[in-house]
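Colleague: need coordinates for the following:
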Amino acid sequence: MKDLLAQLRFLDIELLPLYGIKSIKDYESEVSFDVVKNDNTIIKKMNALLPTIKNIFVVQNFNLHKTNDRFQSATQVFAVLKKILTMCMVPFKIVNKKGINFVRLVPDNNVLRDYRNKMLDIRDQEVAIAGTQTEKKVLRLEDLEKNVLKIYEDNIYFPLCVVNDKSIQLNHSIVNARGITVKFVTPSGQIRSHTRIYCRLVFDKEVVEEFTIKNGRDEYTFLENIIVPYSLVKFTKISIDFVGDIYDDDTIIQICYKCVDFNKKFHQKLTSHTTTVCIERDHKKIEISEGVLTYASVALQKTSKSKIIQRFSVNSKKYCRMSCLSFTEATAMIVALVENKVDYVLCELANVPFKLAYSKIIDDKLVLHVSIVVVIDGFSDLQILIPGLINPTNHRISVCRDGEIKQFNTKIRKGGAIICNLDNNAYVSTKYRDLRIVIEIDKSNSVTDVCRSILLMYDAIVISCPKERSACQDHVIDREKIIDN
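Modeller: Numbering: from 1, shown residues only. As a prediction, the model looks like this:
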C-alpha cells in the first residue's frame, strides 16, 4: 500500500505549485484546462516528475501505457491533477466562470487536517468569551432575507474515497446558504443510478431532515427555503449521512447549494461576536451563538418511533416486522433494515399516495390506472377502499408492470375494502420502470368521486441484498413458517 503522507507531501510541495496553486492550504488559487494548455512547460515538468510519481502512486491509475509511458497532452496532464487529488483524498470543487471550469481546493478531510496540524482558532475563542459580558443582538430569518445582496449557485464534489463511514462533514465547505441539494454523479456529470439511498442532514447528533433517493433519478434539497449562515458555525459538526448502496468506484457525491452574500453593513453586524442568529420556519428552530449551532424541532407533536414488534428466521433468512406506519414514515423501514442487521423488514403502510394515470369506460366497467409512489421493494395484501362504491362485486384488480398485466386474486373484506393478492400471497416486486395498479369497477361510479375518496394500504417489504432487491421478480415468503416462529 502506498504511503499517503508521502503522497500529500509531493502534492503539497511539488505538484500543486506547478499548476499555480501555492500549497495544500491554498483555497483561493484555481486552475483551468486553458491554463494548462497555454503553458507548454507544465507537460515537460510533469514528465520530469514522472519517476517520483511512479514511486509513490499506483501507476496503473494513470493509463500511461496508452501514451508510451509519458505525458503527451494538456488533457492528460489536467486529468492527472484531478486524479491525484482524488487518490490523496483532498476535496476539491469545480467552479464554473463564464463557461470555463476551474479546479479549486476546499478545506476538509481528517487525514489532511492532521497533516496540516490544524488547531482551533484560539483568538476567536477569546473574543467569544469576552463577548459574553456584552449585550447580545438577535438577528432573525426575516433580517437575513431583507439584507441579501446576491444569490448564486455553487457546487462541491466529494469523491467516494474521501467519504469516511458514509458521512460528509460540511464545516468550512459551505458558507451562507439557502438549501443543500444532494446528487450522485459520474465523473462526466451524469446521474449515477442507485437502487435506494437513505440520506439525512445532521447537526451534531440531531437529525434535521431525512429522505430516500430512489433508483438514482431523484435528488433532494435540505432546508430548501431557509437561509443559514453556516460561516458562523465553528464548534458544531454539520454533516450529511448516508445509508444504502452508494459505493461504486467512480461515483462522486455532488453537493449543490445557493450561496448567499449579504450587504457589507449587515455582514459586519452578522459576524459580530455579540450577535445571535435565531431562525424559525417549517417547525424548525436553528440558533447560532458564539460559534455553536443548536437545533430543535418545534412541532406541536412529534411522532414516536415505530417499534420492532416481531423478529423471526425462515430458511436462514432474518426478518423483522415493524408496527404500522404512514407512508410518509416509510424511510424508517430502511433504517430498521440497517440497524437490526436483517435480510428483510416487513411493515403495513397506510395512506399510500397515488396518482391517476389513466381512466376510461370499457364495456360495463370504469377502468382506472393508478400509479403509486414507492420507496419499497415489494408489497402484498393490497387493500383498496372506496367509500360509497357502487356494486362492489363487479370488479377486477390487476398489476401492470412495463405493459405486462397480471390479475390479483381478490375478496371483499367486511367494511367494503377489496383485498388483492397474487398466487401464494407473493410480494409484488416494484422494480419496474412503469408500475400501475389497474382498478376495474362498475361504470356507474364517478371517476371524480372514486379518486377523491379512494384509500390504499398494503404490507410492504424492503430487502437488504442489492442483487435480490434489483431483480424484477415477485418475492414469496413461506407464511406458515413465519407463524410457527
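Colleague: let me know the pLDDT of His65.
Modeller: As predicted, His65 sits at a pLDDT of 81.
Colleague: residues contacting it?
Modeller: Residues counted as contacts of His65 (C-beta atoms under 8 Å, 6 or more residues apart in numbering): none. All C-beta spots, glycine's among them, are computed from the backbone N, C-alpha and C.
Colleague: do the same with the one 4 residues further on
Modeller: By C-beta under 8 Å, 6+ apart, the contact list for Asp69 reads Leu50.
Colleague: which stretches of the stretch 51-200 of the chain form strands?
Modeller: Here the stretch 51-200 of the chain has its strands, by DSSP state E, counting those that start in this stretch, at 92-97, 100-105, 137-140, 148-159, 167-169, 176-185, 196-203.
Colleague: and the angle for the fourth one with strand 100-105?
Modeller: For strand 148-159 and strand 100-105, the angle between their directions (axes from the mean of the first three to the mean of the last three C-alpha atoms, to 10 degrees) works out to 70 degrees.
Colleague: which other helices and strands contact strand 148-159?
Modeller: If you count contacts as 3 or more C-beta pairs under 8 Å, 6 or more residues apart in numbering; DSSP states H and E, strand 148-159 packs onto strand 92-97, strand 252-262.
Colleague: over to the last one?
Modeller: Contacts defined by 3+ C-beta pairs under 8 Å, 6+ apart place strand 196-203 against strand 176-185, strand 206-214, strand 220-229, strand 238-244, strand 292-297, helix 331-339.
Colleague: quick one: closest of the ones you listed to Asp442.
Modeller: Across these, Asp442 has its closest neighbour in strand 206-214 (34.7 Å, C-beta to C-beta).
Colleague: just the CA atoms of stretch 317-326, as CSV, please.
Modeller: Listed next in CSV are the C-alpha coordinates belonging to stretch 317-326 (Å, rounded to 0.1, in the frame of the first residue of the first chain):
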residue,chain,number,x,y,z
LYS,A,317,-33.0,-15.5,6.3
LYS,A,318,-33.6,-13.0,9.1
TYR,A,319,-36.8,-11.0,9.2
CYS,A,320,-38.3,-8.3,11.4
ARG,A,321,-41.7,-6.7,11.4
MET,A,322,-42.5,-3.1,12.4
SER,A,323,-45.7,-1.7,13.7
CYS,A,324,-48.0,0.1,11.2
LEU,A,325,-46.6,3.3,9.6
SER,A,326,-48.0,6.1,7.5
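Colleague: just the residues contacting that stretch, thanks.
Modeller: Against stretch 317-326 from outside (C-beta under 8 Å, 6+ apart): 306-313, 332-333, 336, 340-351, 477, 482.
Colleague: which residues of the stretch 201-350 of the chain score low on pLDDT?
Modeller: Scanning the stretch 201-350 of the chain for pLDDT under 70 picks out 212-218, 243-250, 298-306, 328.
Colleague: turn the helices and strands packed on strand 196-203 into JSON lines, including distance to Ile439.
Modeller: Shown next, in JSON lines, are the helices and strands packed on strand 196-203 (distance: least, C-beta to C-beta, whole Å):
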{"stretch": "strand 176-185", "distance to Ile439": "35"}
{"stretch": "strand 206-214", "distance to Ile439": "24"}
{"stretch": "strand 220-229", "distance to Ile439": "31"}
{"stretch": "strand 238-244", "distance to Ile439": "32"}
{"stretch": "strand 292-297", "distance to Ile439": "38"}
{"stretch": "helix 331-339", "distance to Ile439": "26"}
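Colleague: of all these, which lies closest to Pro107?
Modeller: strand 238-244 (13.6 Å).
Colleague: give the pairing partners of the closest one; include direction for each.
Modeller: Strand pairing for strand 238-244, using DSSP bridges, gives strand 167-169 (antiparallel), strand 196-203 (antiparallel).
Colleague: among the ones you listed, which is the most enclosed?
Modeller: strand 196-203 (a mean of 21; mean count of other C-beta atoms under 10 Å).
Colleague: state the number of residues packed around the nearest residue to Asp143 once chain neighbours are set aside.
Modeller: Spatially, and ignoring its direct neighbours in sequence, Asp143 is nearest to Phe266 (7.7 Å; C-beta to C-beta, 6 or more residues apart in numbering). Other residues near Phe266 come to 16 when the count uses other C-beta atoms under 10 Å.
Colleague: could you do Val277 as well?
Modeller: 22.
Colleague: how about the helix or strand that contains it: buried residues?
Modeller: According to DSSP states H and E, Val277 maps onto strand 275-281. By neighbour count on 16 or more other C-beta atoms under 10 Å, the buried set for strand 275-281 is Thr275, Val277, Ile279.
Colleague: so the second one bridges to which residues?
Modeller: Right, Val277. Leu139, Ile288.
Colleague: list the contacts for it?
Modeller: Val138, Leu139, Arg140, Leu144, Pro229, Leu232, Leu270, Ile286, Glu287, Ile288, Ser289.
Colleague: other SSEs contacting the longest helix along the chain?
Modeller: Counting by DSSP state H, the longest helix found in the chain is helix 74-87. With contacts defined as 3+ C-beta pairs under 8 Å, 6+ apart, the packing partners of helix 74-87 are helix 33-38, helix 40-48, strand 100-105.
Colleague: possible to save those as TSV with mean pLDDT and distance to Tyr358?
Modeller: TSV is the format used below for the helices and strands packed on helix 74-87 (pLDDT from 0 to 100; distance: least, C-beta to C-beta, whole Å):
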stretch	mean pLDDT	distance to Tyr358
helix 33-38	89	49
helix 40-48	91	59
strand 100-105	88	44
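Colleague: follow-up on the earlier one: which stretch among the helices and strands packed on strand 196-203 comes nearest Lys150?
Modeller: Closest approach to Lys150 among the helices and strands packed on strand 196-203 (C-beta to C-beta): strand 176-185, 10.8 Å.
Colleague: tell me the mean pLDDT over the closest one?
Modeller: Across strand 176-185, pLDDT averages out at 88.
Colleague: state the distance from the residue nearest the centre of the chain to Phe222.
Modeller: Closest residue to the average C-alpha location of the chain: Cys199 at 4.3 Å, with C-alpha atoms, centre = their mean. For Cys199, the distance to Phe222 equals 9 Å [C-beta to C-beta, to the nearest Å].
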